[in-house]
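J.: I'll drop the sequence and a predicted model, then ask my questions.
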Amino acid sequence: FNIGPKCLAPDGKTVYFTSEVETGRVASRKDFKNHNGIFIADLEGNDLTTLRPFKYNSQEYEVAHPSVSRDGKYLFFASDMPGGQGGSDLYFCEFSNGEWSAPVNMGTGVNSSGVENYPYIHPSGKLYFTSNRTGGFGNLDVYSTSFYLGKWEEPVLLPEPINSTSDDFAFVAEENLQTGYFTSNRGRT
């Protein structure tokens, strides 16, 4: 089964990652349509233990690409759950009373009629994500937004060389915002 993007919670002991929701015998059938979900595990040395599913996983839609805020209060992720703006949207949950609140769609200020995914919440509070909305360099491009005066600002398309006419996605910035990492299908130059 595929294991996708993961993040380490601020406690240094909890890992959130993407994988298929169903891993039993039914998932090996050719006609079975599996969906991604978020899973939580405890990190003990190099081992992941006490694996548990995120309570909002579903066999009806995708829930993927977790990113936990520096204070551990917010979990950002992408999903195509019903009620969204487009193909998939960005959502967040707040950690309160020992559990994650119901998912909140980040709204039309961040989401578009296209696909938004791979959110990464930087320690500074800036949110980076990938979108195929119109107006970019290629099909998938990296954008950023910040929460200011009670709302998320209009997303900003990151410049070249981060974005290109190829697919550029899953951007993660170092704490100093001078170095970052991302995935791209561009050819070598």
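T.: Everything's here; your move. Bear in mind the structure is a predicted one, so any value in this text is a computation, not a measurement.
J.: Low-confidence regions, this protein specifically.
T.: Low-confidence segments of the chain (pLDDT under 70): 1-2, 22-34, 188-189.
J.: let's see it at 90
T.: Judged by pLDDT under 90, the chain has its weakly predicted residues at 1-6, 19-36, 59, 86, 138, 177-178, 186-189.
J.: where does the spatially most central residue of it fall, phi/psi-wise?
T.: The centroid of the chain falls nearest to residue 65 when counting by Cα atoms, centre = their mean (3.0 Å). Per-residue torsions, residue 65: phi 60, psi 60 (degrees, to the nearest 10).
J.: List the contacts of it.
T.: 4-5, 18, 77-78, 117-119, 170 (Cβ atoms under 8 Å, 6 or more residues apart in numbering). In short, each C-beta sits where N, CA and C put it, glycine included.
J.: Quick check: neighbours of the one helix or strand residue 181 maps to in the sheet, parallel or antiparallel?
T.: Assigned by DSSP states H and E, residue 181 belongs to strand 180-184. Strand 180-184 has the following strand partners under DSSP bridges: strand 168-173 (antiparallel).
J.: re the thing from before, need the contacts of residue 65 in JSON lines with distance to residue 161, secondary structure and neighbour count, can you?
T.: As requested, the contacts of residue 65 are exported to JSON lines (distance: Cβ to Cβ, whole Å; DSSP: H, G, I helix; E, B strand; the rest coil; neighbours: other Cβ atoms under 10 Å):
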{"residue": "4", "distance to residue 161": "25", "secondary structure": "strand", "neighbour count": "15"}
{"residue": "5", "distance to residue 161": "22", "secondary structure": "strand", "neighbour count": "21"}
{"residue": "18", "distance to residue 161": "27", "secondary structure": "strand", "neighbour count": "22"}
{"residue": "77", "distance to residue 161": "27", "secondary structure": "strand", "neighbour count": "29"}
{"residue": "78", "distance to residue 161": "24", "secondary structure": "strand", "neighbour count": "29"}
{"residue": "117", "distance to residue 161": "21", "secondary structure": "strand", "neighbour count": "23"}
{"residue": "118", "distance to residue 161": "18", "secondary structure": "strand", "neighbour count": "25"}
{"residue": "119", "distance to residue 161": "22", "secondary structure": "strand", "neighbour count": "27"}
{"residue": "170", "distance to residue 161": "16", "secondary structure": "strand", "neighbour count": "20"}
